[in-house]
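[1] Next come a sequence and a model predicted from it.
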Amino acid sequence: MTALLEVRDVAVSFGGVRALDGVTFALQVGELLGLIGPNGAGKTTALRAITGTVRPDRGTVTLEGLELTRLPVHRRVRAGLGMSQQLVRPFRAMTAIENVMLAAGTAKTHAPFGALLKRDRGPEREKALAHLETVGIAEAAESAPDSLPLGTLKRLEMARALALEPKVLLLDEPLAGLNHVEARRLADTIVELNRGGVSIVLIEHNLGEVMRVCSRLVVLDNGRVLGDGAPEAVMADPAVRTAYLGAGAGVEAGHA
């Protein structure tokens with residue numbers, strides 16, 4: 001089966017320190033893949049290599065057979081990558097729906113001259129509202145970001161990424177900073193997105209939610225792939241347990 005997204009033999013170094021060392025994994029169409037590992041394992045670097053904010057020393061990244069490795073970030077977005085950042089940074093001078101409308105209008109900004117001839121923002125507004133409804137915050141559409149709690153801002157960040165109509169949605173620690181109830185509800189929303197046809201790579205430290213919602217896990221440690229497979233089998237691997245909690249420790253379903 002041809003992978004939707006494929007990372008092959010990717011290596012990244014920073015000042016002589018090897019952050020990724022031959023990382024290889026793939027995302028299949030319709031998967032909800034958890035990319036996990038202890039702090040400093042290389043998860044965010046892997047995501048940055050996929051999105052293009054970090055240039056690998058070697059290796060390739062492909063999306064539906066198209067090699068992205070040397071493409072700039074905006075070309076990768078147009079090819080089908082969408083990303084929700086861990087640190088939410090909405091445009092503070094815009095309302096929630098205007099933030100999503102901006103992302104929904106990227107097809108027009110692809111041709112700036114043509115965009116000047118299209119003044120009607122109705123279609124973008126309809127799409128933006130639909131995405132806000134999808135992530136469960138339609139009631140906050142006209143609110144300023146500064147007035148919204150963190151849980152709502154996390155959902156707004158997700159709605160902006162969805163407005164790009166990505167083939168692959170990359171989520172960087174969306175549950176970070178949320179309490180148990182909020183984290184579970186947002187994880188449920190991620191599952192619903194996946195069931196709706198969105199293929200997802202999820203980076204997350206909340207192992208309890210990762211184990212509950214992901215169909216497959218890829219574990220990184222010291223820049224290398226330590227495990228890849230079904231969540232229960234991967235987390236039962238002694239090497240994975242040692243990487244998380246030290247020799248002789250067991251991994252519990254919770255935060256790590």
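    In hand now; what should we look at?
[2] now the helices for the stretch 51-200 of the chain?
    Counting by DSSP state H, counting those that start in this stretch, the stretch 51-200 of the chain has helices at residues 73-79, 96-104, 106-109, 112-116, 122-134, 150-162, 180-195.
[3] list the helices and strands the longest one packs on?
    I take that to be helix 180-195. Judged by 3 or more Cβ pairs under 8 Å, 6 or more residues apart in numbering; DSSP states H and E, the packing partners of helix 180-195 are strand 32-36, helix 150-162, strand 199-203, helix 207-213. Glycine gets a C-beta too; all of them are placed from N, C-alpha and C.
[4] So, low pLDDT: which residues of the stretch 1-150 of the chain?
    Along the stretch 1-150 of the chain, segments meeting pLDDT under 70 span 1, 107-121.
[5] Mean neighbour count and distance to residue 43 added to the helices of the stretch 51-200 of the chain, as a markdown table?
    Formatted as a markdown table, the helices of the stretch 51-200 of the chain follow (neighbours: other Cβ atoms under 10 Å; distance: least, Cβ to Cβ, whole Å):
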| stretch | mean neighbour count | distance to residue 43 |
| --- | --- | --- |
| helix 73-79 | 15 | 18 |
| helix 96-104 | 23 | 24 |
| helix 106-109 | 14 | 27 |
| helix 112-116 | 9 | 36 |
| helix 122-134 | 18 | 26 |
| helix 150-162 | 24 | 18 |
| helix 180-195 | 17 | 17 |
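[6] To residue 232, which of those helices lies closest?
    helix 180-195 (17.5 Å; Cβ to Cβ).
[7] what about the helices of the stretch 51-200 of the chain, which gets the closest to residue 32?
    Set against residue 32 and scored by Cβ to Cβ, the helices of the stretch 51-200 of the chain come closest in helix 180-195, at 4.3 Å.
[8] residues in contact with stretch 172-185?
    Stretch 172-185 is contacted by residues 44, 47, 83-86, 136, 150-151, 154, 157-158, 186-187, 190, 202-206, 209 when judged by Cβ atoms under 8 Å, 6 or more residues apart in numbering.
[9] next one: stretch 142-161
    82-85, 88, 90-92, 94-97, 99-100, 102-103, 128, 131-132, 134-137, 140, 169-171, 174-175, 177-178, 182, 185-186, 189, 193.
[10] Next: stretch 71-83.
    47, 50-53, 63-64, 66, 68, 106, 110, 161-162, 164-172.
[11] For ChimeraX, what selects the buried ones among the residues you listed?
    Buried subset of these, written as a ChimeraX selection, criterion 16 or more other Cβ atoms under 10 Å:
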select :47,50,51,52,63,68,161,162,164,166,167,168,169,170,171,172
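[12] Strands - which of the contacts of stretch 71-83 land there?
    63, 66, 168-172 (DSSP state E).
[13] Nearest to residue 218 among those residues?
    For the ones in strands among the contacts of stretch 71-83, the nearest to residue 218 is residue 170 (13.1 Å; Cβ to Cβ).
[14] Which strand residues bridge the closest one?
    Judged by DSSP bridges, the bridge partners of residue 170 are residue 83, residue 201.
[15] That one: what's it in contact with?
    Taking Cβ under 8 Å, 6+ apart as the test, what residue 170 contacts is 47, 50-51, 81-84, 161, 200-201, 203.
[16] How about residue 59?
    7-11, 22-24, 49, 69.
[17] Narrow those residues to those that are buried.
    Neighbour counting with 16+ other Cβ under 10 Å marks 7-8, 10-11, 23, 49, 69 as buried within these.
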